[in-house]
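Visitor: Here is my input, please return the structure:
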Amino acid sequence: MTEHRFCPRCATPLVERADPAHEGGRLRQSCPDEACGYVHWNNPLPVVAAIVEYDGKILLARNAAWPEGMFALITGFLENGETPEQGIAREVREETSLVADSVELVGVYEFIRKNELIIAYHVRASGEVALSPELLEYRLIEPAKLRPWPVATGLALADWMRRRGLEFEFVERPGQ
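Guide: All right, here's what the predicted structure looks like:
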């Protein structure tokens, strides 16, 4: 659970409590001031992910904060007022400079460790790759040579490969 110390409405120190009448007694951080009534729900954040197909290959990128050799799908948080389809097209453009020519839903996947809900898409893209400062490098991989990881975006990649009749084996990623 994300720990917040003070109520964002009234600055009263938050307490952890369960309401047996609601949410099955789940512990939530809440304001003890009955007049305020603030509850920190800590709901999962929606994240969009793209299996970017570019010139017949899949683009995987390495985030600047990741160790060398660790590559993944393009991902990002939804912005206020945009659909998931608009969000993933924006993320692909921001992070790679590519234009999303088509966006097709692959599926929705939980990422409990990070309290996220992943909405994954297959994005056919065009243009010239130019990475944002957030990304250090990219690789273009033949779809049949992809090696998905057994959680979150890796499950999306595995589903995408399975639908295309591609065989694969899961690979463990560092930190799993």
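Visitor: remind me which residues of the chain are low pLDDT?
Guide: Within the chain, the stretches with pLDDT under 70 are 1-2, 19-24, 173-176.
Visitor: what's stretch 27-41 in contact with?
Guide: Stretch 27-41 has contacts (C-beta atoms under 8 Å, 6 or more residues apart in numbering) with 1-4, 7-10, 12-19, 42. (Glycine included, C-beta is placed from N, CA and C.)
Visitor: Return the subset of those residues lying in strands.
Guide: 15-18 (DSSP state E).
Visitor: show me where the chain has helices.
Guide: 84-96, 152-163 (DSSP state H).
Visitor: what residue is smack in the middle of the protein?
Guide: Central residue of the chain (C-alpha atoms, centre = their mean): Val47, 3.7 Å from the mean position.
Visitor: can you list the helices of the chain in a markdown table and add mean neighbour count and distance to Leu146?
Guide: Shown next, in a markdown table, are the helices of the chain (neighbours: other C-beta atoms under 10 Å; distance: least, C-beta to C-beta, whole Å):
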| stretch | mean neighbour count | distance to Leu146 |
| --- | --- | --- |
| helix 84-96 | 20 | 17 |
| helix 152-163 | 20 | 6 |
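Visitor: contacting residues for the residue nearest to Ala152 when sequence neighbours are not counted?
Guide: Nearest in space to Ala152, with sequence neighbours left out and distances taken as C-beta to C-beta, 6 or more residues apart in numbering, is Phe111 at 3.9 Å. With contacts defined as C-beta under 8 Å, 6+ apart, Phe111 is in contact with 47, 117-118, 151-153.
Visitor: which residues pair with the residue nearest to the centre of the chain across the strands?
Guide: Phe77, Ile118 (DSSP bridges).
Visitor: measure it to Pro8 for me?
Guide: Distance of Val47 to Pro8, given as C-beta to C-beta, to the nearest Å: 23 Å.
Visitor: for Leu45, same thing?
Guide: From Leu45 to Pro8 the distance is 17 Å (C-beta to C-beta).
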